[in-house]
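Colleague: from the sequence below, what's the structure:
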Amino acid sequence: MQNDNSTAAAAEKALYAIEQLVLFAGHTGLIQPADVDYSRNELLDQFGFSEPYPGEFTEGPLDSPQAPLDQLIDYGFGLGLIPENTDTYRDLLDAKIMGLLMARPSEVNAEFAALRAEQGIQAATDRFYKLSIDSNYIRMDRVAKNVYWLQESPYGDIEMTINLSKPEKSPKEIAMARLLPPPVYPKCQLCRENVGYAGRVNHPPRQNLRVIPLSMNSEKWFFQYSPYVYYNEHCIVFHHDHVPMKLTKDTLKRLLSFVEAFPHYFIGSNADLPIVGGSILTHDHFQGGRHTFPIQKAPKEDTFTHASYPGVSLSTVKWPMSVLRMHAEDPAVLLEAGNHIYESWKTYSDPAAEVLAFSEEGGESVPHNTVTPIVRRAEDGGYEMDLVLRNNRTSEEYPEGIFHPHREMHHIKKENIGLIEVMGLAILPGRLKEELDAIAGILAGDTALLGAVQSEGKDHPLALHASWIVELVSRFSTSLNREEAVKAIQNEVGTKFTHILEHAGVYKRTPEGQAAFRRFLNSSGFN
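Modeller: Numbers count the residues shown, from 1 in each chain. As a prediction, the model looks like this:
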């Protein structure tokens, strides 16, 4: 009898959650009034109900769909709609539920176009961003868990984050994903075919994803928001087709055309070579958004001009990486100047500065020089382009990359330094949250943990940080209070990240390095 009662109670809670979700969807504009009964019936069918909530429903709309979603997903797990109650499987059902409470892609596109025509592009992106949050495609409940602080540096404040918004898979799920065949459809997570896709263990669900078609250089592209929003209105612009990333003059032209149409957003591209490139090089894409990054606040240093590009000013920038900032009123002239720098850099070598454009590998000439380009509108309405010089050479001393985080930094970060981090926003792995908390505990007096790290060696969860912990204890002791310990750890990590950016800089912040930087500019006609 008790089991029957608890089953009935769970069913009633699930029915109530459906009413909450339908009300939320109507209130936020995910659905229109004419869609209410239809949407309710879709959810009832999904969970095996033939009738709606029997009681009186007088509750007002919620601010977030997460609580009723969790209630329904719990109920769905009890029904066997998902095989395991893990984040991965819960996300599969979460997206399916919210996909039933959304307009079709064509309707979202029509709304975006209408708002753009009637109220301007900013109103259109405001609405589309809100839709991406309300639909739970952007999981703000997870984004809110990210750790964030500002780090003082010689280059201004650096933004530090530990990313907790991207759910980690369980060891079992990782093992299962390895057994699955390579993905055929969609080919990658940036393909347009993801819209409405149910997902699987090795591919996230996308029933609640919507994308906006764009035309850049008379080519078909799409605009969407990142589900992990590393910064405000973090968007992705991706090619209509699954084509690899390739930096060309057309790339720079696309970036300039985007900020002409979206003047309130910046846009940039990861470099197109391994080591210095982004995480997805198989599908051409850009990242943009509405955020002022530390690199943008960094002061200009030496200024140069070129006789062939009147109206274009070029400056080096006080930044740990090697940045050229160009400004012009005319985007066409800026395009030519930017492309000239890029083409000059691709073939430029300066052995004294460890810059080699090519190497011979297996009888083939392998390129090493590329750029990370960033484009935005300047405060005066003109166009601003940053070209960050990159080189992906490796050596016996630095097998992961000469201009890449060096091994002594790998306990903090060993991944590529991509566009977002180039601009001064650190995206540190989620594992660091617990690890840094534990190390702060040591500095605050947890000598038992310190002893365990020293005695257990490689078997201890903090083994990766063992030598760093010894160094920290020698400098700070183990008698800090908790707040002092946390601040000390954050400062040490932030300082390390600043050094990581210096590692990635082709021309070092030394008199010799900056002289070499000027040699390159002079060789390409900028004086």
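Colleague: hmm, which helix or strand of this structure has the shakiest average pLDDT?
Modeller: helix 171-179 (a mean of 63; mean pLDDT, DSSP states H and E).
Colleague: and after the helix or strand hosting residue 495, which helix or strand comes next?
Modeller: Following DSSP states H and E, one finds residue 495 within helix 482-504. Moving toward the C-terminus from helix 482-504, the next helix or strand (DSSP H and E) is helix 511-523.
Colleague: list the helices and strands that following helix packs on?
Modeller: Under the contact definition 3 or more C-beta pairs under 8 Å, 6 or more residues apart in numbering; DSSP states H and E, helix 511-523 sits against strand 313-317, helix 331-346. C-beta coordinates here come from the backbone N, C-alpha and C atoms, glycine included.
Colleague: what strands line up against whichever helix or strand comes after the first one, and which way round?
Modeller: Past strand 313-317, further along toward the C-terminus, the next helix or strand under DSSP H and E is strand 323-328. When sheet partners are counted by DSSP bridges, strand 323-328 sits next to strand 313-317 (antiparallel), strand 383-391 (antiparallel).
Colleague: any idea of the mean pLDDT in the shortest one?
Modeller: Strand 313-317 shows an average pLDDT of 98 in the prediction.
Colleague: alpha carbons of that strand, as PDB, please.
Modeller: What follows is strand 313-317, C-alpha atoms only, in PDB (Å, rounded to 0.1, in the frame of the first residue of the first chain):
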ATOM      1  CA  SER A 313      47.400  52.800 -37.600                       C
ATOM      2  CA  LEU A 314      49.200  49.700 -36.200                       C
ATOM      3  CA  SER A 315      50.500  49.400 -32.600                       C
ATOM      4  CA  THR A 316      52.100  46.800 -30.500                       C
ATOM      5  CA  VAL A 317      50.300  46.100 -27.300                       C
END
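Colleague: what residues does that strand touch?
Modeller: Residues outside strand 313-317 that contact it (C-beta atoms under 8 Å, 6 or more residues apart in numbering): 295, 298-306, 322-328, 337, 341, 386, 514, 517-518, 521, 526.
Colleague: next, the angle helix 331-346 makes with it.
Modeller: Between strand 313-317 and helix 331-346, the angle comes out at 50 degrees (axes from the mean of the first three to the mean of the last three C-alpha atoms, to 10 degrees).
Colleague: and the angle for strand 313-317 with helix 511-523?
Modeller: Going by the same axes, to 10 degrees, strand 313-317 makes 160 degrees with helix 511-523.
Colleague: ok, now the longest one?
Modeller: Between strand 383-391 and helix 511-523, the angle formed by their directions is 120 degrees, by the same axes, to 10 degrees.
Colleague: could you tell me the angle between strand 383-391 and helix 482-504?
Modeller: 80 degrees.
Colleague: so where's the stretch 151-300 of the chain uncertain?
Modeller: 167-180 (pLDDT under 70).
Colleague: so which elements touch the strand or helix carrying residue 114?
Modeller: Assigned by DSSP H and E, residue 114 falls within helix 105-119. When contacts are defined as 3+ C-beta pairs under 8 Å, 6+ apart, helix 105-119 packs onto helix 121-134, strand 212-216.
Colleague: model confidence over it, on average?
Modeller: Rounded mean pLDDT across helix 105-119 is 98.
Colleague: I'd say residue 95 and residue 199 touch.
Modeller: Yes: using C-beta atoms under 8 Å, residue 95 makes contact with residue 199 at a distance of 6.7 Å.
Colleague: give me the common contacts of these two.
Modeller: By C-beta under 8 Å, 6+ apart, the residues touching both residue 95 and residue 199 are 205, 206, 207.
Colleague: which member of those residues is positioned nearest residue 158?
Modeller: residue 206 (32.9 Å; C-beta to C-beta).
Colleague: that closest one and residue 193 touch, don't they?
Modeller: No: contact criterion C-beta under 8 Å: residue 206 and residue 193 do not qualify, at 9.1 Å.
Colleague: related to what we said a few turns ago, next, format the helices and strands packed on helix 105-119 as CSV and append mean neighbour count and distance to residue 412.
Modeller: Formatted as CSV, the helices and strands packed on helix 105-119 follow (neighbours: other C-beta atoms under 10 Å; distance: least, C-beta to C-beta, whole Å):
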stretch, mean neighbour count, distance to residue 412
helix 121-134, 19, 31
strand 212-216, 17, 37
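Colleague: stretch 247-258: how far from the chain's middle?
Modeller: 21 Å (C-alpha atoms, centre = their mean, to the nearest Å).
Colleague: ok, back up a step: neighbour count for residue 95 and residue 199, which is higher?
Modeller: Applying other C-beta atoms under 10 Å to residue 95 and residue 199 shows that residue 95 carries more neighbours, namely 24 against 18.
Colleague: just give the closest residue to the more buried one, not the sequence neighbours.
Modeller: residue 205 (3.6 Å; C-beta to C-beta, 6 or more residues apart in numbering).
Colleague: checking that neighbour next. Helix, strand or coil?
Modeller: Following DSSP: H, G, I helix; E, B strand; the rest coil, we place residue 205 in the coil state.
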